[in-house]
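Student: Any chance you could fold what I've pasted below:
(one chain, ligands or ions: 3)
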Amino acid sequence: CGLFGVFGLSDAANFVALGLHALQHRGQEAGGIVTHDAGSGFHSSKKLGYVRDNFTTAESMAELPGRIGLGHVRYSTAGGKGATAMRDVQPFLADLAMGSMALAHNGNLTNALSIRRELIERGSVFNSSSDTEAVVHLMARGFHRTIADRMKEALRRVEGAFSILCITENQLIGCRDPLGVRPLVLGRLGKGWMLASETCALDIVGAEFVREILPGEMVIIDDRGVHSSAPFETQRPRFCIFEHVYFSRPDSVIGGRSVYESRRQIGVELAREAPVEADLVCAVPDSGTPAAIGYSQESGIPFAMGIIRNQYVGRTFIEPTEQIRNMGVRLKLNVNRALVRGKRVVLVDDSVVRGTTSLKIKEMILDAGAKEVHFRIASPPTAWPCFYGVDTPDKEKLLASHMTEDEMRVHLGVDSLRFISLDGLYRAVGEGEGRDPSKPQYCDACFSGEYPIQPSDMIESGRIS
Ligand code: 5GP
Ligand code: SF4
Ligand code: MG
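Tutor: Ligands and ions are numbered 1, 2, ... in the order given. Below is the predicted model:
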């Protein structure tokens, strides 16, 4: 999901809408904006679909007055999909004993089910199927006197990945989980402040990037400025390495590093680890493009646009049903026939999950007359589901969970298939010595199966043992 909060700028909703539009790649199912206006209180608008279709008119903005605003774009990893999804759209607006607040979450909690069960037994009434709602109820039942303290109290009880934003009638509060699995950055524009999932959302409104919120840090922003605290016990950070590979936008900066540069460097590493004789390097657009450019630069094989993407279709993976996802590939991508005919083509994509995309692409490109197809994948085999906010399917559906690299090559029917090594990936994101096996620098559970946070709910429900 994507988060964007604004403090201290008139017509905050306009900035939120722009910020969310820049973060649309992080979630496309729904979007919501809540604002607070000193005269008229809280205002909320939540819609299914794209930001550009719901939050661009003057009328839609007029419904959201105020100088404090909070927005969320949703990509469901927990909670409802399809027709019942509306009630899970964030931000969640709630009245607590000391005042109202709105809260939005990126990530996924791994003990929300047991907390939910406990709270329901004690009389809480849940309105959604979202894991995030547990935080709201914990806050409602807290002992502390301020919303920020209630938030700290609640967040000390939850486990999992969270970057969370909250607005009150006079504050914007942001917090990252102790491992800092999901991103969160601080920006400044004139006298106003912003908190956003990625720096690309600061760029769109012309805000200055101040710094990242640290893992385990809480910031409270009010008219006197930014106040930082550290509510949790310190732990070694484990940022999601997949943000570098796929999830973040290439024009964002994470951990002082350009995401584009990390991806290009993945391509360079791949070319070193898995060279091949070929005529062209092509990307599966857009997610494979920076790595394909790196592969081409390192190998000397020319980069060409062998696959063209229709810019008006969203990311296939995020469409909820398998049937739509299958269709999506044809809707979205087409082979540049004149270019690939008779050629040996290296095809670079970011990841293989179910293998649906790779299978279709291979068919299309052979159909168009390519002589050989060599897949190069910018991440290690995805053999484990993510429980921290990326919607990977259950283990059985992951191709790499039950096939070796060679079996996958046969299954996909390509001339060669190679994935970047885990060490190569670490080097590409700036860890010169590779992965430290005794204390890995990132979360890489979807590749290694080493979950840095115990996925309690998922173990209980049998999704993983
Ligand atoms: P597959 O078709 O193998 O199931 O999925 C792989 C494709 O899904 C890749 O092209 C990748 O760009 C795209 N994708 C979109 N969202 C995600 C995500 O959240 N996780 C992963 N691993 N791939 C995703
Ligand atoms: Fe990121 Fe993978 Fe860890 Fe999920 S399991 S947080 S996608 S590295
Ligand atoms: Mg892709």
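Student: Would you mind listing what in the stretch 101-250 of the chain touches ligand 2?
Tutor: Counting by CB under 6 Å from any ligand atom, the residues of the stretch 101-250 of the chain close to ligand 2 are 181, 240-242. Where you see a C-beta, it was placed from the backbone N, CA and C, and this is true even at glycine.
Student: show me what contacts residue 14?
Tutor: Shown in contact with residue 14 (CB atoms under 8 Å, 6 or more residues apart in numbering): residue 61.
Student: Look up which helix or strand it falls in, please.
Tutor: helix 12-22 (DSSP states H and E).
Student: Could you look up the next helix or strand downstream of that helix?
Tutor: strand 30-37.
Student: angle of that following strand against helix 12-22?
Tutor: Using axes from the mean of the first three to the mean of the last three CA atoms, to 10 degrees, one finds that strand 30-37 and helix 12-22 are set 160 degrees apart in direction.
Student: Show me what strand 30-37 packs onto, helices and strands only.
Tutor: Counting contacts by 3 or more CB pairs under 8 Å, 6 or more residues apart in numbering; DSSP states H and E, strand 30-37 packs against helix 12-22, strand 41-48, strand 68-74, strand 99-109.
Student: can you list the domains in the chain?
Tutor: 2-237, 264-443 (automatic domain parsing).
Student: if we can go back for a sec, adding mean pLDDT, write the helices and strands packed on strand 30-37 out as JSON lines.
Tutor: As requested, the helices and strands packed on strand 30-37 are exported to JSON lines (pLDDT from 0 to 100):
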{"stretch": "helix 12-22", "mean pLDDT": "98"}
{"stretch": "strand 41-48", "mean pLDDT": "97"}
{"stretch": "strand 68-74", "mean pLDDT": "97"}
{"stretch": "strand 99-109", "mean pLDDT": "98"}
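Student: could you dump these to JSON lines with distance to ligand 1?
Tutor: As requested, those are arranged in JSON lines below (distance: least, CB to the nearest ligand atom, whole Å):
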{"stretch": "helix 12-22", "distance to ligand 1": "18"}
{"stretch": "strand 41-48", "distance to ligand 1": "19"}
{"stretch": "strand 68-74", "distance to ligand 1": "14"}
{"stretch": "strand 99-109", "distance to ligand 1": "12"}
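Student: deepest of these, which one?
Tutor: Most buried of those, by mean neighbour count (mean count of other CB atoms under 10 Å): strand 68-74, with a mean of 30.
Student: If the residue in the stretch 151-300 of the chain that ligand 2 sits nearest to is in a bridge, with which residues?
Tutor: The minimum distance from the stretch 151-300 of the chain to ligand 2, using CB to the nearest ligand atom, falls at residue 240 (3.2 Å). For residue 240, the beta-bridge partners under DSSP bridges are residue 443.
Student: Please name the residues that touch it.
Tutor: 161, 181-182, 247, 388-390, 442-443.
Student: ok, now how distant is it from residue 257?
Tutor: Taking CB to CB, to the nearest Å as the measure, residue 240 falls 14 Å from residue 257.
Student: Same check on residue 144?
Tutor: 37 Å.
Student: now do residue 91
Tutor: Residue 91 is 30 Å from residue 257, where distance means CB to CB.
Student: So for these two, which sits in the more crowded spot?
Tutor: Shown here are residue 91 and residue 257; by other CB atoms under 10 Å, residue 91 has more neighbours (26 against 14).
Student: Hmm, residue 70 and the more buried one touching each other?
Tutor: Yes - contact criterion CB atoms under 8 Å: residue 91 and residue 70 qualify, at 5.1 Å.
Student: Mutual contacts of these two, please.
Tutor: By the contact definition CB under 8 Å, 6+ apart, residue 91 and residue 70 are jointly contacted by 33-34, 102-104, 165, 167.
Student: Looking at these, which two lie furthest apart in space?
Tutor: 33 and 103 (13.3 Å; CB to CB).
Student: Residue most distant from the centroid, this protein?
Tutor: Distance from the C-alpha centroid of the chain peaks at residue 342, with 38.1 Å (CA atoms, centre = their mean).
Student: For my notes, confirm that residue occurs in a strand.
Tutor: No - under DSSP: H, G, I helix; E, B strand; the rest coil, residue 342 sits outside any strand and is assigned coil.
Student: of the residues of the stretch 101-250 of the chain next to ligand 2, buried ones?
Tutor: Buried members of these, scored by 16 or more other CB atoms under 10 Å, are 181, 240-242.
Student: quick one: which of those residues is nearest residue 453?
Tutor: Comparing these against residue 453 with CB to CB places residue 181 closest, at 7.7 Å.
Student: How about that closest one: what's its closest non-neighbour residue?
Tutor: Of all residues not flanking residue 181 in the chain, residue 161 sits nearest, at 3.6 Å (CB to CB, 6 or more residues apart in numbering).
Student: and the one you found, what are its bridge partners?
Tutor: Beta bridges link residue 161 to residue 108, judged by DSSP bridges.
Student: Surely residue 201 is in contact with residue 22?
Tutor: Yes - taking contacts as CB under 8 Å, residue 201 lies within contact range of residue 22: 4.3 Å.
Student: export the top helix by length along the chain as CSV, just CAs?
Tutor: Assignment by DSSP state H gives helix 259-273 as the longest helix of the chain. Only the C-alpha atoms of helix 259-273 are listed here, as CSV (Å, rounded to 0.1, in the frame of the first residue of the first chain):
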residue,chain,number,x,y,z
VAL,A,259,16.1,2.4,-6.7
TYR,A,260,16.9,2.7,-10.4
GLU,A,261,20.6,2.3,-9.8
SER,A,262,20.0,-0.8,-7.6
ARG,A,263,17.9,-2.3,-10.4
ARG,A,264,20.5,-1.5,-13.1
GLN,A,265,23.2,-3.0,-10.9
ILE,A,266,21.1,-6.2,-10.5
GLY,A,267,21.3,-6.4,-14.3
VAL,A,268,25.1,-5.9,-14.2
GLU,A,269,25.4,-8.7,-11.6
LEU,A,270,23.1,-11.0,-13.6
ALA,A,271,25.2,-10.5,-16.7
ARG,A,272,28.3,-11.5,-14.7
GLU,A,273,26.7,-14.5,-13.0
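Student: What residues sit buried inside it?
Tutor: 259-271.
Student: Repeat that for stretch 182-195.
Tutor: Within stretch 182-195, the residues that count as buried by 16+ other CB under 10 Å are 182-189, 192-195.
Student: Need those residues in TSV (columns: distance to ligand 1).
Tutor: Shown next, in TSV, are those (distance: CB to the nearest ligand atom, whole Å):
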residue	distance to ligand 1
182	13
183	15
184	19
185	21
186	26
187	25
188	31
189	30
192	32
193	30
194	25
195	23
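Student: In strands only, show me those.
Tutor: Of these, the ones assigned to strands by DSSP state E are 185-189, 192-195.
Student: Rebuild those as JSON lines, extending it with pLDDT.
Tutor: Output for those, formatted as JSON lines (pLDDT from 0 to 100):
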{"residue": "185", "pLDDT": "98"}
{"residue": "186", "pLDDT": "98"}
{"residue": "187", "pLDDT": "98"}
{"residue": "188", "pLDDT": "98"}
{"residue": "189", "pLDDT": "98"}
{"residue": "192", "pLDDT": "98"}
{"residue": "193", "pLDDT": "98"}
{"residue": "194", "pLDDT": "98"}
{"residue": "195", "pLDDT": "99"}
